[in-house]
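J.: I would like the atomic coordinates for the input below:
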Amino acid sequence: MGSEGPSVVTVHITGFKKFHGVSENPTEIIVRNLKGFMQKKGLPEGLVLGSCNILETAGEGALTQLYETLQLAVAGQRNETSNRGQIIWLHLGVNSGATRFAVENQAVNEATFRCPDEMGWKPQRVPVVYSDGSIARVRETALPVKEIVKALSKMGYNITPSDDAGRFVCNFVYYHSLLFAEQNGIKSLFVHVPMFLTIDEETQMEFVASLLKVLVSLH
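T.: Numbers count the residues shown, from 1 in each chain. As a prediction, the model looks like this:
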């Protein structure tokens with residue numbers, strides 16, 4: 001016993017494609033370039049960088065893609081005979097009006113889209129998951145948001161904890177991911193980033209690399 005070595009943390013990451021008002025989504029660029037960036041930088045010890053996927057910026061119409069993305073990674077890891085350690089789903093979304101990074105503590109069971117999503121859906125005061133009941137229902141991440149924010153602040157990043165991921169696609173995806181995480185014994189986290197005009201691409205890439213390092217250090 002104990003010969004398996006230290007526990008490994010596998011982080012799977014998603015970003016989003018363009019949507020109304022955001023013709024170039026920074027999270028699509030970050031997630032597409034992350035594996036190459038981390039290979040050059042070097043992965044923190046104990047970290048496995050899993051799948052990096054770009055989701056349609058859509059709610060109900062993109063659910064099949066979301067669940068396939070979630071399930072494939074978890075199923076693949078469970079089939080391995082090595083010590084699988086902890087699995088974390090990290091979702092990145094853009095807040096075009098933000099001036100700093102925000103780590104989202106929770107998602108709300110409400111879809112009220114300010115504009116149609118990329119598949120034309122514009123729900124108003126609709127439950128994200130009907131079987132969860134009220135639109136006031138909240139699901140919280142099992143990860144320590146305050147600790148994560150404190151560690152990244154010490155590294156010099158302009159970052160804040162948040163209890164409001166909005167009611168658009170980001171919140172919709174996060175709610176489903178938190179439910180999936182609870183059902184599968186894994187963890188989920190959503191982080192909002194600003195536009196590249198506010199915080200440049202290189203800084204945002206470094207931020208995600210630092211975030212991965214912090215997530216590994218928690219385990």
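
J.: Poorly predicted segments of the protein, please.
T.: 1-6, 76-84 (pLDDT under 70).

J.: Secondary structure class of the residue nearest in space to the middle of the chain, three-state.
T.: The centroid of the chain falls nearest to H91 when counting by Cα atoms, centre = their mean (1.3 Å). Following DSSP: H, G, I helix; E, B strand; the rest coil, we place H91 in the strand state.

J.: how about the residue nearest to D132 when sequence neighbours are not counted, what does it touch?
T.: Nearest-residue entry for D132: N109, 5.0 Å, with adjacent residues in sequence omitted and distances by Cβ to Cβ, 6 or more residues apart in numbering. (Each C-beta comes from the backbone N, C-alpha and C, glycine too.) For N109, the contact set (Cβ atoms under 8 Å, 6 or more residues apart in numbering) comprises P127, V128, V129, D132, G133, S134, I135, A136, R137, V138, R139, Y175.

J.: cool, and L49?
T.: Going by Cβ under 8 Å, 6+ apart, L49 touches T10, V11, I13, L34, K35, M38, L43, L212.

J.: How many residues are close by the fifth one?
T.: Applying other Cβ atoms under 10 Å, we find 14 residues neighbouring K35.

J.: so how far is N184 from it?
T.: 24 Å (Cβ to Cβ, to the nearest Å).

J.: One more: L218?
T.: 19 Å.

J.: for E140, same thing?
T.: 16 Å.

J.: who has more neighbours, these two?
T.: When E140 and N184 are compared on other Cβ under 10 Å, the one with more neighbours turns out to be N184, at 16 against 12.

J.: Number of residues surrounding the closest residue to the more buried one other than its chain neighbours?
T.: Of all residues beyond its chain neighbours, the one nearest N184 is V74 (5.7 Å), with distances taken as Cβ to Cβ, 6+ apart. Per other Cβ under 10 Å, the neighbour tally for V74 reads 21.

J.: Would you mind giving both backbone torsions of V74?
T.: phi -70, psi -40 (degrees, to the nearest 10).

J.: Now do the contacts for it.
T.: I87, N184, I186.

J.: same check, this time on L55
T.: Taking Cβ under 8 Å, 6+ apart as the contact definition, L55 lies against T14, G15, F16, K17, A62, Q65, L66, T69, V173.

J.: Now restrict those to buried residues only.
T.: Neighbour-count burial (16 or more other Cβ atoms under 10 Å) is assigned, among those, to T14, G15, F16, K17, A62, L66, T69, V173.
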